[in-house]
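S.K.: Please find the sequence and the predicted model below.
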Amino acid sequence: MADKTGSIDVTTNVLSQSEVSPFAIFDSLRDDNRLPLKLLPLFLHEFTHHWCFDSQVGFSFFLLREHARGILGTEQEPASIAKELARPVLKYNLAMRILMPLIEGIALFAEFDADLGETGSISVPLDYCTGLFQTQSSQTDLSPRKWSNLIRSARFSPTGRGRKKIVLSAPLGLTRRSDYLRGYLSFRAIHRRAASRNHTFENDTDFFLTYARHVFFNDAVLANLLLDQTMRLETWIDAFLSRLTERISWLSSGQDREITSQFDQLLSSKRYDAFKDFHLLNLQSTDITRWNNEIDMRKNDPTNGFASQSGTRDWRRNFLVLREIRSVIRLAQTSATIQITVDNEVLADGRRLGPHNTEKNFGNDQHSGRVTLYFVPEIKTLAFIADVKGWPVRIGLPKAFLDHPSGRMISAAITLFHAMEASGIYGKSDIVDMQEMASWFIGHLELEASTNRRASTFWNEVAFWDVDAAQKEPLQGKMEFAGIGQLLDCDDLLLDALCAISVCSATNRPLSDIDAHFRSLGLEKRSIIESLRRNQDQNGFQFIDNAVTADTHPEMRLKCFV
Ligand SMILES: [Zn+2]
């Protein structure tokens, strides 16, 4: 998920971003008691990726890659290694090609659209962000309106609008960047259809985000398919796509209100159990039983149950570390000069980060090292790791957490993961680059290319669901190089205005809110809306609600579909 400013390693769930350093976060929390608002879009996006991969489907991807890494660690002939690797590597890559638009689409929906509404539940990324982006005093009084105002400011900021303009101007032609626009438009189309049938999805877009995340990423059938050992690859691709079609149609049918309300109640009261309440996601008990068995068999060794068992002892230990590291969020990392004072305080680039809790004596010289800031979801706490001479020093994890078995496990995993990084085990040659490895299997390159084309056609169908059949092909042609930007004849001001309208629409605010912005662009509201409507009549792709006019709706709460 390499975005412009951030990315997530799909299997280890480790977030990297170049936007903000751990020190800037530390300073901001110390001085303002919250993070700068301009970072909210970035973290909403990346936290959503993290949440989606911390799931049944995400865990299956992890097992596939770990299986491949285990095979690489065996002492077999290169030819037999390549033969064994083909299946997990290709399946991983093909499934990624198919799911990538969805993976980006859901994260972009969280970034641009999701807002709290009528239900009692809150999505996981938003929950983490409310803790990080609101001051302590306002956290105790989180009203949906307050949060809407905050999120609206972040999305309306030049950074927020700039990020949206990049996505809307992404190409729709066959490049990796097209996953963003194709995925975003697809996810919006699914939401639009679901919301027209179930007004909870209309009134609570954050709830829709949560439900959709469970429907797709906790789908035991997709997760089981990823681990399947029996199907021929061609048959397997058909099965994967057809399951995805079923999930899209289940979600966009809007469901019985009873189902979504039960799901909301269980989530709100923190009683939702993926292994018990699967009927709310239209799953069968046999799917869940199969998934449970797969996980039981492989939770300590991903090669169990596969054709050949492999992997060295070190690799097995590293697997357990990576399995645990998937649950924590790496917020930021930087190199720094580190010094440990005589009273065990850790100073990094002169900042006092806090006392460490290791027995080791570092002396009080200055060392060049690295500082990483983690967010530990289980206790919603930030913790620093300072790497001094290849030795990870923990700062900020409360004693009560460290005394608890799961806290001990997570904390040990963080420490060991840093040791793995320091020794080059993780992040360098030993880790499997699945993309690169696919090129070993020359005979399968055409299969990857054809799956890529199929996936694009598949998602284009979803993205342009409501477009007239005759207009679909010419429309896609007109979006090949610069997406919606191209459709608007690369009129940057009009694109900016469309992004501003979409911010109002996402938080159900009237257009009068952004009159001043329109004036600053030198544009007049009425003419913007006329231009957009002319464009949509001509191209068949709807940006905004046709029914609303300034005369019929003086407040102009305009629905925006992109
Ligand atoms: Zn992304």
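M.R.: Everything's here; your move.
S.K.: How is the residue of the chain positioned farthest from its centre assigned, secondary-structure-wise?
M.R.: Counting by C-alpha atoms, centre = their mean, the extreme residue of the chain relative to its mean C-alpha position is residue 342, 42.1 Å from that point. At residue 342 the chain is in coil, as set by DSSP: H, G, I helix; E, B strand; the rest coil.
S.K.: separation between it and residue 355?
M.R.: Applying C-beta to C-beta, to the nearest Å, the value for residue 342 to residue 355 is 12 Å. All C-beta spots, glycine's among them, are computed from the backbone N, C-alpha and C.
S.K.: ranges for the helices of the stretch 201-350 of the chain?
M.R.: Using DSSP state H, counting those that start in this stretch, the helices of the stretch 201-350 of the chain run over residues 205-217, 220-227, 233-252, 257-268, 285-298, 313-325.
S.K.: From the contact counts, what lies against the longest one?
M.R.: This means helix 233-252. Secondary-structure packing of helix 233-252 (3 or more C-beta pairs under 8 Å, 6 or more residues apart in numbering; DSSP states H and E): helix 78-112, helix 178-197, helix 205-217, helix 220-227, helix 445-463.
S.K.: And the ones you listed: which comes nearest the ion?
M.R.: Nearest to the ion, of all the helices and strands packed on helix 233-252, is helix 78-112, at 4.6 Å by C-beta to the ion.
S.K.: can you give me the angle the next helix or strand along the chain from that closest one makes with helix 205-217?
M.R.: Sequence order places helix 124-133 as the next helix or strand after helix 78-112, per DSSP states H and E. In terms of direction (axes from the mean of the first three to the mean of the last three C-alpha atoms, to 10 degrees), helix 124-133 departs from helix 205-217 by 130 degrees.
S.K.: contacts for helix 124-133?
M.R.: 34-35, 37, 39-40, 43-44, 47-48, 50-51, 110, 114, 116, 122, 139, 142, 147, 150, 154, 206, 210, 329, 375, 377, 380 (C-beta atoms under 8 Å, 6 or more residues apart in numbering).
S.K.: Give me the buried subset of the residues you listed.
M.R.: 34-35, 37, 39-40, 43-44, 47-48, 50-51, 110, 114, 116, 122, 142, 147, 150, 154, 206, 210, 329, 375, 377 (16 or more other C-beta atoms under 10 Å).
S.K.: ok so, going back, contacts only, for the residue farthest from the centre of the chain.
M.R.: residue 364.
S.K.: One more: residue 200?
M.R.: 117, 118, 119, 207, 208, 257, 260, 261, 264.
S.K.: Which pair of those spans the longest distance?
M.R.: Put simply, by C-beta to C-beta the two of the contacts of residue 200 set farthest apart are 117 and 257, 14.5 Å from each other.
S.K.: Please identify the helix or strand for residue 503.
M.R.: Using DSSP H and E, residue 503 falls in helix 492-506.
S.K.: average pLDDT for that helix?
M.R.: On average, the pLDDT along helix 492-506 is 94.
S.K.: residues of it that come out buried?
M.R.: In helix 492-506, counting by 16+ other C-beta under 10 Å, buried: 494-506.
S.K.: can you list those in JSON lines and add distance to the ion?
M.R.: JSON lines is the format used below for the buried residues of helix 492-506 (distance: C-beta to the ion, whole Å):
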{"residue": "494", "distance to the ion": "26"}
{"residue": "495", "distance to the ion": "21"}
{"residue": "496", "distance to the ion": "22"}
{"residue": "497", "distance to the ion": "25"}
{"residue": "498", "distance to the ion": "21"}
{"residue": "499", "distance to the ion": "18"}
{"residue": "500", "distance to the ion": "23"}
{"residue": "501", "distance to the ion": "23"}
{"residue": "502", "distance to the ion": "18"}
{"residue": "503", "distance to the ion": "19"}
{"residue": "504", "distance to the ion": "24"}
{"residue": "505", "distance to the ion": "22"}
{"residue": "506", "distance to the ion": "18"}
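S.K.: coming back round to it: list the ones among the contacts of helix 124-133 that fall in helices.
M.R.: 40, 43-44, 47-48, 50-51, 110, 139, 147, 150, 154, 206, 210 (DSSP state H).
S.K.: and the least confident of the residues you listed?
M.R.: residue 139 (53).
S.K.: and the gap between residue 271 and residue 534?
M.R.: 51 Å.
S.K.: swap in residue 463?
M.R.: 22 Å.
S.K.: Repeat that for residue 238.
M.R.: 42 Å.
S.K.: Between those two, which is the more surrounded one?
M.R.: residue 238 (13 against 10; other C-beta atoms under 10 Å).
S.K.: and the stretch 51-200 of the chain, which residues reach the ion?
M.R.: Residues of the stretch 51-200 of the chain lying close to the ion (C-beta under 5 Å from the ion) are 104, 107.
S.K.: change it to 8 Å
M.R.: Within the stretch 51-200 of the chain, the residues that sit near the ion (C-beta under 8 Å from the ion) are 103, 104, 107, 108, 180.
S.K.: Could I get the full set of strands for the stretch 351-500 of the chain?
M.R.: 351-355, 366-376, 381-388, 391-395 (DSSP state E, counting those that start in this stretch).
S.K.: of all these, which lies closest to the ion?
M.R.: The nearest among these, by C-beta to the ion, is strand 366-376 at 17.8 Å.
S.K.: Model confidence for residue 107, exactly?
M.R.: The model's pLDDT for residue 107 equals 98.
S.K.: let me fix that: residue 550
M.R.: 68.
S.K.: next one: residue 442
M.R.: With respect to pLDDT, residue 442 has a value of 62.
S.K.: Repeat that for residue 428.
M.R.: The model's pLDDT for residue 428 equals 41.
S.K.: ditto for the one 3 residues further on
M.R.: Per-residue confidence (pLDDT) for residue 431: 45.
S.K.: For residue 215, give its distance to residue 242.
M.R.: 16 Å.
S.K.: quick one, which of those two is more surrounded?
M.R.: residue 215 (20 against 9).
S.K.: who's in contact with the more buried one?
M.R.: 247, 250, 251, 281, 282.
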